[in-house]
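Asks: could you work out the structure for the sequence below:
(2 chains)
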Amino acid sequence: MAALHVEGLARRYGEREALSGVTLTLEAGQTLVVFGPNGAGKTTLLRVLATLLRPHAGTVSVLGSSLPEQSWAVRGRVGLLGHEPLLYRELTARENLRFHARLHGVADGRVDELLDAVAMTARGREPLRTLSRGMVQRVAVARAVLHDPELLLLDEPHSNLDPAAIELVSPLIGSASRRTRVICSHDPTGGLAEADVVLGLRAGRPALLAPASEVDRSQIAELYR
Amino acid sequence: MSRTVAALLRKELLVELRTLESVPAMSLFAVTTFVVFHFALNRSVVDGDLAAGILWVTLLFAAILGVNRLFVADADQGGFDAFLLAPVDRTAMLVAKVITLLAYLVVLELVAVPAFGLLLLGPSIGDALPDLIGVLALGDLGVAVIGTLVAALAVRTRARDLLGPLLGLPLLVPIVIGGARATSPLLASVHPTAPAARWLLTLGLYDLVFGLIAYALFDFLLED
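Replies: Residues are numbered from 1 along each chain as shown, chains lettered A, B, ... in the order given. This is a model prediction of the structure:
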């Protein structure tokens, strides 16, 4: 069964169409990389797949459940890493992760394990507002995979991360994680290296959908012109 | 659900303890208002209807400060999204927020009621205290439920600071009326009596009705 099946997806914000006619299929374990200029609808697509936004037209099936009717069956099986870390600034990294662990019914031991994995154990007792953006992003990565989700939705996951930190989080959200992934990216080289399937969006409409092996950098560059 | 409510409550209280954004502002507002009333009325003491009115109106406006801040951290720091992504009962957030607001109101009243007794109230508050606590508890429950409902509705709009009071005040007026009428005989200088049962019943029914409305609507307020 496909991990994702989207057909004719449309989503509006008031009168403005953010997504229209998006159709794609992604098998379990595969990685879809979404390219497109700012405002192309990449984040909206992720939020629809995460059950945070309702589709206004078309059909969306995530991990075998139809959205929005069966959203409850998808929640808890998806990890979202967006532009916002979804963490409270006044709480420490450890308190934030423990809060999320309780929401997802995960044991506290997993919090320590992930703090260690993102090299945040030493700073884990400091309020998030005192940490650098890169450190907050590392904690956000830990938050996104805390409940061992089957599907990862990653919106420019390496933003604010230095090369060492990118290497650090790679086992959690990279191809080594062996999870089904949807990644929004502006980096043609890195994105194509990760992708099994490429989707290009322009003004909310699909401008490119192909296996990564059939896509070259010039086609990605064309999306941004 | 109790585990989720406990996790949310712990988070709420930790954030408030670290930021001190709501409760100190509410308490300071109440005490300042009593001082202003003291001078504006040109009276050193009040009792009966006037005392009950001043107390409830002040508590109401102080509560609005807390209501306006109730969901701000969740809206601004992604707490809503994080909660919606979790496989938990949405009602847990309603329960946790109502309890949080109740806790804020209790702390507010621990400061405001003695301050009111010192700054404005003629009769001693001591004898009336057990009944007053009962009336305040009924009023607080209504304010907490309606406040949570209104705050959840307003926080996702651009005009949340305006919309909260605009929607909340008309819905909270019956609580002020019921609360003030029930409190008035307690604060009489001459022959203070127990609160009339019909006002207590009115407050209780109002709490119940809005509790059911909040339970029915809250999910829809959180969802897209």
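Asks: which bits of chain B sit near chain A?
Replies: Those residues of chain B that sit near chain A, judged by C-beta under 8 Å from any C-beta of the partner chain, are B:3-4, B:6-7, B:10-11, B:14-15, B:18-19, B:73, B:77-79, B:81-88, B:223-224. The C-beta positions use only the backbone N, C-alpha and C, and glycine is treated the same way.
Asks: just the buried residues of these.
Replies: B:4, B:7, B:10-11, B:14-15, B:18, B:73, B:77-79, B:81-86, B:88 (16 or more other C-beta atoms under 10 Å in any protein chain shown).
Asks: so what's the residue count around B:Arg198?
Replies: B:Arg198 has 11 neighbours, counted by other C-beta atoms under 10 Å in any protein chain shown.
Asks: state the next helix or strand along the chain beyond the host helix or strand of B:Ala30.
Replies: Assigned by DSSP states H and E, B:Ala30 falls within helix B:23-40. On the C-terminal side of helix B:23-40, the closest following helix or strand by DSSP H and E is helix B:48-69.
Asks: leaving out sequence neighbours, find the closest residue to A:Arg47.
Replies: A:Leu53 (4.4 Å; C-beta to C-beta, 6 or more residues apart in numbering or on different chains).
Asks: what pLDDT is listed against that neighbour?
Replies: Note on A:Leu53: pLDDT of 94.
Asks: which ones among the residues of chain B next to chain A lie within helices?
Replies: B:3-4, B:6-7, B:10-11, B:14-15, B:18-19, B:73, B:79, B:81-85 (DSSP state H).
Asks: my read: the residue nearest to A:Arg47 touches A:Arg11, true?
Replies: Yes. The pair A:Leu53 / A:Arg11 is scored as a contact, 6.1 Å apart, by C-beta atoms under 8 Å.
Asks: for those two, list the residues in contact with both.
Replies: Taking C-beta atoms under 8 Å, 6 or more residues apart in numbering or on different chains as the criterion, A:Leu53 and A:Arg11 both touch A:Thr44.
Asks: which elements pack onto the helix or strand of chain B at the bottom of the mean pLDDT ranking?
Replies: Within chain B, no helix or strand scores below helix B:72-76, which has a mean of 89 by mean pLDDT, DSSP states H and E. If contacts are counted by 3 or more C-beta pairs under 8 Å, 6 or more residues apart in numbering or on different chains; DSSP states H and E, helix B:72-76 sits against helix B:79-85.
Asks: quick one, phi/psi of the closest residue to B:Val67 other than its chain neighbours?
Replies: Closest residue in space to B:Val67, ignoring its immediate chain neighbours: B:Gly147 at 3.8 Å, by C-beta to C-beta, 6+ apart. Dihedral pair for B:Gly147: phi -60, psi -40, per degrees, to the nearest 10.
Asks: same for the helix or strand containing A:Val48, what does it pack against?
Replies: Using DSSP H and E, the secondary-structure element containing A:Val48 is helix A:42-49. Judged by 3+ C-beta pairs under 8 Å, 6+ apart, helix A:42-49 is in contact with strand A:2-13, strand A:16-27, strand A:31-35, strand A:57-62, strand A:151-155, strand A:180-184.
Asks: now the second one - C-alpha only, CSV.
Replies: Coordinates of the C-alpha atoms in strand A:16-27 are reproduced here as CSV (Å, rounded to 0.1, in the frame of the first residue of the first chain):
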residue,chain,number,x,y,z
ARG,A,16,-6.2,32.7,-2.7
GLU,A,17,-5.5,29.2,-4.0
ALA,A,18,-2.4,27.9,-2.2
LEU,A,19,-2.5,24.4,-3.8
SER,A,20,-4.4,23.2,-6.8
GLY,A,21,-4.4,19.9,-8.8
VAL,A,22,-1.6,18.2,-6.8
THR,A,23,-1.5,14.5,-7.6
LEU,A,24,1.2,12.1,-6.3
THR,A,25,1.9,8.7,-4.9
LEU,A,26,4.7,7.7,-2.6
GLU,A,27,5.6,4.2,-1.5
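Asks: do that strand and chain B come into contact?
Replies: No. Using C-beta under 8 Å from any C-beta, we find that strand A:16-27 stays clear of chain B, coming within 12.4 Å at best.
Asks: between that strand and strand A:2-13, how big is the angle?
Replies: Taking axes from the mean of the first three to the mean of the last three C-alpha atoms, to 10 degrees, one finds strand A:16-27 and strand A:2-13 inclined to each other by 180 degrees.
Asks: kindly report the same for the fourth one.
Replies: Angle, strand A:57-62 to strand A:2-13, by the same axes, to 10 degrees: 140 degrees.
Asks: who does strand A:57-62 pair up with?
Replies: According to DSSP bridges, strand A:57-62 forms sheet pairs with strand A:2-13 (antiparallel), strand A:65-67 (antiparallel).
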